[in-house]
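Undergrad: Provided below for reference: sequence and predicted model.
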Amino acid sequence: MKTKKHDTKWMVSVALMAAIVIVLANTPLGMIQLPIIKATTVHIPVILGAILLGPAAGAILGGVFGICSLISNTMAPTLLSFAFSPFMSTTGLTGVVKAIWISVGCRILIGVAAGWLWILFEKIKMNAVIALPIVGFAGSMVNTICVMGSIYLLFAKQYAEAKDVAVSAVWGLVMGTVTASGIPEAIAAAVLVLAIGKVLLSVFKKMDIGIGRAEVAK
């Protein structure tokens, strides 16, 4: 009975976190429109969900984030929406698969990576105040590196055409995006995951939800 109760709490918690992801993904706070690409803060509840509820929950929440990204790039396309929406594909079925990987697959990896990194830190008994920002930073960088790296590997030619530059210049542009957008996003994620995660760890522990066993920082 205890297990069933725990499972129910887990599912409800995942659903609530998914609702937060959906709300963020559909407001300016979650998807910040830049001239070429949409910067995001939606990965933060994905990372928090992975910490609080485990890698499986993180994968589910990352998938929700990815689907929201796919829909956003379909309904309000940008120059790079062909890399995020299968409906905007310019390279047929191959492009469809690539777009689904970038929009959904890369976002699933956020939750998986953050969840397992948190489990590792728990096993070595790292203090939550240290572990939380590291997981937040790493989870955010997984998002940026996987997305931009996949765009470079899978859509370099189309990216060059969208930016009106030579294919040889794509690597520099991708690294510029990682530096200018990805690193600030990761720093913000580290701060927010620490501030919010410290509180939620205590709440979830009292409610006996999730898999976290790390001692909450006082």
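TA: That came in fine, so what should we check first?
Undergrad: show me the residues around residue 89 that make contact.
TA: 82, 95-96, 98-99 (Cβ atoms under 8 Å, 6 or more residues apart in numbering). Every C-beta, even on glycine, is put in place using the N, C-alpha and C of the backbone.
Undergrad: could you turn the buried ones of those into a PyMOL selection?
TA: Buried residues among the contacts of residue 89 (16 or more other Cβ atoms under 10 Å), as a PyMOL selection:
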select buried, resi 82+95+98+99
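Undergrad: so which of the contacts of residue 89 belong to helices?
TA: Judged by DSSP state H, helices contain the following of the contacts of residue 89: 95-96, 98-99.
Undergrad: low-confidence regions, the chain specifically.
TA: 1-6, 31-39, 210-218 (pLDDT under 70).
Undergrad: have a look at it and report its longest helix.
TA: helix 128-163.
Undergrad: return the set of buried residues in that one.
TA: Using 16+ other Cβ under 10 Å as the test for burial, helix 128-163 gives 128, 131-148, 150-152, 154-156, 158-160, 162.
Undergrad: before we move on, the earlier item: export the contacts of residue 89 to CSV and tack on distance to residue 27?
TA: Below are the contacts of residue 89 laid out as CSV (distance: Cβ to Cβ, whole Å):
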residue, distance to residue 27
82, 24
95, 29
96, 28
98, 28
99, 24
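Undergrad: apart from its chain neighbours, what residue comes closest to the most centrally placed residue in the chain?
TA: Within the chain, the residue whose C-alpha comes closest to the C-alpha centroid is residue 43; the distance, by Cα atoms, centre = their mean, is 3.4 Å. Spatial nearest neighbour of residue 43, excluding adjacent residues (Cβ to Cβ, 6 or more residues apart in numbering): residue 143 at 4.8 Å.
Undergrad: show me where the protein has its helices.
TA: With DSSP H as the criterion, the chain has helices at 2-25, 43-53, 55-75, 92-100, 106-123, 128-163, 170-177, 183-206.
Undergrad: quick check: the gap between the residue lying closest to residue 55 once chain neighbours are set aside and residue 58.
TA: Residue nearest to residue 55 in three dimensions, not counting chain neighbours: residue 115, with 3.0 Å by Cβ to Cβ, 6+ apart. Distance, residue 115 to residue 58, by Cβ to Cβ, to the nearest Å: 4 Å.
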